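In: Just need the structure, nothing else, for what follows:
(2 chains)
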Amino acid sequence: MTSGWRWPIRVAAFGYLALLVVIPVASVFYRAFEHGFAAAWDAVTTPDALHALWLTMLVVLIAVPLDTVFGVGVALILARHRFPGSWLLDALVDIPLAISPVVIGLSLILVYGRSGWFGDWLAAHGIQVIFSLPGIVMASAAVALPYVVREVLPVLQEIGTEQEQAAATLGAGPLTTFRRITLPSIRRSLSYGVTLTTARVLGEFGAVVIVSGAIAGRTQTLTLFIQDGIENLNPTGAYAGAVILAMLALLVLLVLGSDPERRKRRWPSASETSPSGSETPSRSTM
Amino acid sequence: MSLEVPEGSLTALLGPSGGGKSTLLRIIAGLEVPDTGSVEIDGEDVTAVPVRDRGIGFCFQHYAPFRHLTVRRNVAFGLEVRRRPKAEVRARVDELLELVRIDHLADRYPSQLSGGQRQRMALARALAIEPRVLLLDEPFGALDAQVRQQLRAWLRELHERISVTTVLVTHDQEEAMEVADRLVIINEGRLEQIGAPSAMYDRPVNEFVLKFLGPATLWEGRWVRPHDLVVHRDPELNGERATVERVTHLGFEIRVDLHLASGALVWAQLSRGSAAELELGPGDEVWVALAESAESPESAKAAGSSVGNEPTAVRAALGR
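Out: Sure thing, here's the model as predicted:
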C-alpha cells in the first residue's frame, strides 16, 4: 500500500470510532455532570439507584462464575471428546448469540413463569423465578453463555493433550493436571472470556427487562434504572447511572483484561511453534 | 506379539513409519489401552494400572514441555506432584540439570530453548521421578542432522552412567544401530526379529529385516549384502562373469554396478583399497562371487534370537 493512503485510512478509522462511540459516550458524561457533580451524586445515591447498583453487582457475582465454570467444562468436553451429539452441543452454545435477548427473556417466562411448564411446581415450593433475582440471574447467564466457551475452546484445541499426558506420566492426577497444566495454559483466553462475560452481564437489558418486571428498588438493575430515568423525566439520574455503568465496564476491562503474563515474560515466544534444532555451541559438544 | 525388555538395556523399537512402534511404546506407558494382552513392569502386571502410577518416564516426540513453567519447574514437576520436601526437590533438580547439561538455562522458558535443549529438558523431567523404565518416542526425530548426531552419542553415554532400562522408538536404522544394544524390528504390527544390532545385521531372519537394516542386492534369487560380493579379475577362481556398468565413489566405499552374464543386475560394495587394486572402469570384464563368510537368513533362523540372562524389566504380550 502506498504511503499516500496511510493517513486517510487512519483518519477514517478514528473518525468512525469517534462518531459511533467516543462522541456519544463523551456526551453522556457531559450531560451527567451538566448540573454539577453534586446533582449527579445525589441522583445516583437515592435508595433506588443504590439498590440497582447493588443488584447489578449481585447478578454479576452469581452469573459470571456460573458461565465461567460451565464454559470451561463445555470447552473441555468439546475439545477432548468427540461423541454423538457433540456437534449439537457446539451449536447450542451459540444460540444466545444468534437470537435476540428479548426472545431469551420471553422463553424463560414460558418455562418458569406462573403459567409456564415448571410454574405450578415452582409455585408449590414457594420459589419465584420470574420477577425476582433467580430470573434475572438466569437471563443474564443465558445471554452471556457463549463467551467463555468461544474464547477457551480454540486454545484448548491448539495446545492439544500432550502436556496433559506428560503430566500424567509424571504422576499427576486429573485435578492436579487441570489446576497446574490446563488452567495456566488457557488462562489468557479464559480471563478474556470472563471479561466479555462480565461486560455483557453488566450491560444486559433486553432479556432482563422481560423477566424482571423492572420494579424500582426490587428488581431494577442499573440498565433498567437508566431506562426508567429516561422515561420518567430523571435525565440526570439516567446519565449519572450510565456513567457508573461505563466506569464499571472500564474497570472490568482494566482489571480482568490486563495480562500479567505479558509483563512477566519479556522474551519472544515466536520459536515456540517452530522448534529449531540449533544448539548453543558453548555447552552442546560432548 | 510378545516383547521382553531386559533390565538395564537400551532397546530400540525399529521399523517403518506406521508399523505400530509408537503404539507399543504408548501401551507400555499406559497412554493407550491394548485390545487384548498384558503389560508387566518388573514382574508386576500393570495392565490395569493408570499412567500416573506406572513409574515410567516418557519423552514425547515433540517433548511436550510445560510452556508456562521455567526449565527448573518443568523438571521439578514430578517431584512437586509427589510432595517431596522443597530442599530435596531443589537438590535433585540441580543434579539433573547438570546431568543433561542445561543447568545454565534453569530459569528460561521452553520457548527460549533450542530443540536439542528442549529434548534434554524433557529427558531430565522424565528422569526426575526415578522411573523404572524410560520410554523415548522418536527422541531425535524433530532435530536437524548435526544435533541429532551429538545427542545420539550423548544419550548412549548418559545410559551408561545411569543405566535405567530404556526403550526408544525410531524409524532410522542407523540411529537404532548406533544407540541401542538391542533391536526389536516391528513391521505392520508384527515383531520380525529381536537381537543385538550386529548379529541382526549379519543374520537377519528374513528379507524384510535384511533390507531394512542395510543395503541389499539380489544375488542368485536371494538378497545379500553388497559388501558380501567379491569382485575379481581371475577367470581361474570361482565366480560368475560380469561387465562393469558404473563405478561410484562414495568416500571410503565404492559402489560397483554390474551386469551379470546371465543378464541380471547386481551391485557390489568395495573398499577404496580393493577397488583401486582392481582398477575398475565401465565396460571391464570381471568375475563376481559370494563371500564364504556371508550368512543366509536360513542359518539365522536356526540360531534363533538369543535372549540374555538379564532379568526382564518389561514384558508386553499383546493380541491383535
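In: Please name the residues that touch the residue lying closest to residue A:49 once chain neighbours are set aside.
Out: Spatial nearest neighbour of residue A:49, chain neighbours left out: residue A:225 (6.1 Å); criterion: C-beta to C-beta, 6 or more residues apart in numbering or on different chains. Using the backbone N, CA and C atoms, a C-beta is placed for each residue, glycine as well. Contacts for residue A:225 (C-beta atoms under 8 Å, 6 or more residues apart in numbering or on different chains) come out as A:48, A:49, A:52, A:216, A:237, A:238, A:241.
In: wait, is residue A:225 part of a helix?
Out: Yes. Looking at residue A:225 with DSSP: H, G, I helix; E, B strand; the rest coil, it is inside a helix.
In: Farthest pair within the contacts of residue A:225?
Out: Within these, A:216 and A:238 form the most distant pair, 13.1 Å apart (C-beta to C-beta).
In: Neighbour count: the two, which is higher?
Out: residue A:238 (22 against 16; other C-beta atoms under 10 Å in any protein chain shown).
In: what residue ranges in chain A score low on pLDDT?
Out: Along chain A, the model assigns pLDDT under 70 to residues A:1-2, A:257, A:259-286.
In: Please report phi then psi for the spatially most central residue of it.
Out: Centroid-nearest residue in chain A, with C-alpha atoms, centre = their mean: residue A:197, separated by 1.0 Å. Dihedral angles of residue A:197 (phi, psi; degrees, to the nearest 10) stand at phi -60, psi -50.
In: what's near enough to touch it?
Out: A:63, A:64, A:67, A:68, A:71, A:144, A:147, A:148.
In: Contacts for the longest strand along chain B, please.
Out: Secondary structure of chain B per DSSP state E: the longest strand is strand B:240-250. Here strand B:240-250 makes contact (C-beta under 8 Å, 6+ apart) with B:235, B:254-262, B:265-266, B:272, B:275, B:280-289.
In: Buried subset of those, written for PyMOL?
Out: Per 16 or more other C-beta atoms under 10 Å in any protein chain shown, the buried members of the contacts of strand B:240-250 correspond to this PyMOL selection:
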select buried, chain B and resi 254+255+256+257+258+266+275+280+284+286+287+288+289
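In: what's around the nearest residue to residue B:42 once chain neighbours are set aside, how many residues?
Out: Using C-beta to C-beta, 6+ apart and skipping the chain neighbours, the partner closest in space to residue B:42 is residue B:132 (5.7 Å). Around residue B:132 there are 18 other residues, counting by other C-beta under 10 Å.
In: just checking, residue B:132 touches residue B:41?
Out: Yes. If you go by C-beta atoms under 8 Å, residue B:132 and residue B:41 touch, sitting 5.6 Å apart.
In: Which residue is the nearest non-sequential neighbour of residue B:163?
Out: residue B:8 (5.0 Å).
In: what residues are up against that neighbour?
Out: Counting by C-beta under 8 Å, 6+ apart, residue B:8 has contacts B:163, B:164, B:165, B:310, B:313.
In: Model confidence score at the fourth one, please.
Out: The predicted local distance difference test score for residue B:310 is 73.
In: Go ahead and report the secondary structure state at it.
Out: coil.
In: Test my guess that it contacts residue B:7.
Out: Yes. Using C-beta under 8 Å, residue B:310 is in contact with residue B:7, at 5.2 Å.
In: more neighbours, these two?
Out: More crowded of residue B:310 and residue B:7, by other C-beta under 10 Å: residue B:7, with 16 against 13.
In: And that one, how far from residue A:185?
Out: 37 Å (C-beta to C-beta, to the nearest Å).
In: Distance from the chain centre to stretch A:116-125, please.
Out: 30 Å (C-alpha atoms, centre = their mean, to the nearest Å).
In: contacts for the helix or strand residue A:5 falls within?
Out: Assigned by DSSP states H and E, residue A:5 falls within helix A:3-17. Residues outside helix A:3-17 that contact it (C-beta under 8 Å, 6+ apart): none.
In: immediately after that helix, which helix or strand?
Out: helix A:23-32.
In: Next, the angle from that next one to helix A:3-17.
Out: 40 degrees (axes from the mean of the first three to the mean of the last three C-alpha atoms, to 10 degrees).
In: Give the rounded mean pLDDT of the helix or strand containing residue B:286.
Out: Here residue B:286 sits within strand B:285-290, counting by DSSP H and E. Mean per-residue pLDDT for strand B:285-290: 89.
In: Can you spell out which helices and strands pack onto it?
Out: Helices and strands touching strand B:285-290, by 3 or more C-beta pairs under 8 Å, 6 or more residues apart in numbering or on different chains; DSSP states H and E, are strand B:229-232, strand B:240-250, strand B:253-260.
In: Contacts for the shortest one next, please.
Out: The reference is to strand B:229-232. By C-beta under 8 Å, 6+ apart, strand B:229-232 touches B:217, B:219, B:239, B:256, B:258, B:266, B:268-270, B:274, B:278, B:280, B:286-291.
In: Swap in 6 Å and give it another go.
Out: B:268, B:286, B:287, B:288, B:289, B:291 (C-beta atoms under 6 Å, 6 or more residues apart in numbering or on different chains).
In: List the neighbouring strands of it plus their orientation.
Out: Looking at strand B:229-232 with DSSP bridges, its partner strands are strand B:285-290 (antiparallel).
In: The strand it pairs with versus strand B:253-260: what angle between them?
Out: 100 degrees.
In: quick one: strand B:285-290 to chain centroid distance?
Out: 34 Å.
In: Next, the residues that contact it from outside, please.
Out: Residues from elsewhere that reach strand B:285-290, judged by C-beta under 6 Å, 6+ apart: B:229, B:230, B:231, B:232, B:233, B:238, B:239, B:240, B:241, B:242.
In: what's the distance between the third one and chain A?
Out: I take that to be residue B:231. 38 Å (C-beta to the nearest C-beta, to the nearest Å).
In: And the fourth one, by the same measure?
Out: Going from residue B:232 to chain A by C-beta to the nearest C-beta gives 42 Å.
In: How about the closest residue to chain B within the stretch 1-150 of chain A: what's its closest non-neighbour residue?
Out: Chain B sits closest to residue A:80 of the stretch 1-150 of chain A, with a gap of 14.4 Å, by C-beta to the nearest C-beta. Distances taken as C-beta to C-beta, 6+ apart place residue A:161 nearest to residue A:80, at 6.9 Å, with adjacent residues excluded.
In: What is the burial count for the one you found?
Out: Count around residue A:161 with other C-beta under 10 Å applied: 14.
In: what does residue B:28 give?
Out: Residue B:28 has 27 neighbours, counted by other C-beta under 10 Å.
In: How about the contacts made by it?
Out: Counting by C-beta under 6 Å, 6+ apart, residue B:28 touches B:39, B:314, B:316.
In: now, which of those residues lie close to chain A?
Out: With the criterion set as C-beta under 6 Å from any C-beta of the partner chain, no member of the contacts of residue B:28 is near chain A.
In: which among those gets closest to residue B:55?
Out: Using C-beta to C-beta, the contacts of residue B:28 come closest to residue B:55 at residue B:314, 11.5 Å.
In: Ramachandran angles for the closest one?
Out: The phi/psi pair for residue B:314 (degrees, to the nearest 10) is phi -130, psi 140.
In: I'd assumed residue B:3 was in contact with it.
Out: No. With contact defined as C-beta atoms under 6 Å, residue B:314 does not count as touching residue B:3 (7.4 Å).
In: Compare those two and say which is more crowded by neighbours.
Out: In this view residue B:314 and residue B:3 are compared by other C-beta under 10 Å, and residue B:314 has more residues nearby, 23 against 20.
In: What does the pLDDT read for that one?
Out: Residue B:314 is given a pLDDT of 89.
In: Roughly how far does it sit from residue B:139?
Out: 17 Å.
In: Also residue B:77?
Out: 19 Å.
In: Verify the assumption that residue A:51 is located in a helix.
Out: Yes. Counting by three-state DSSP, residue A:51 is part of a helix.
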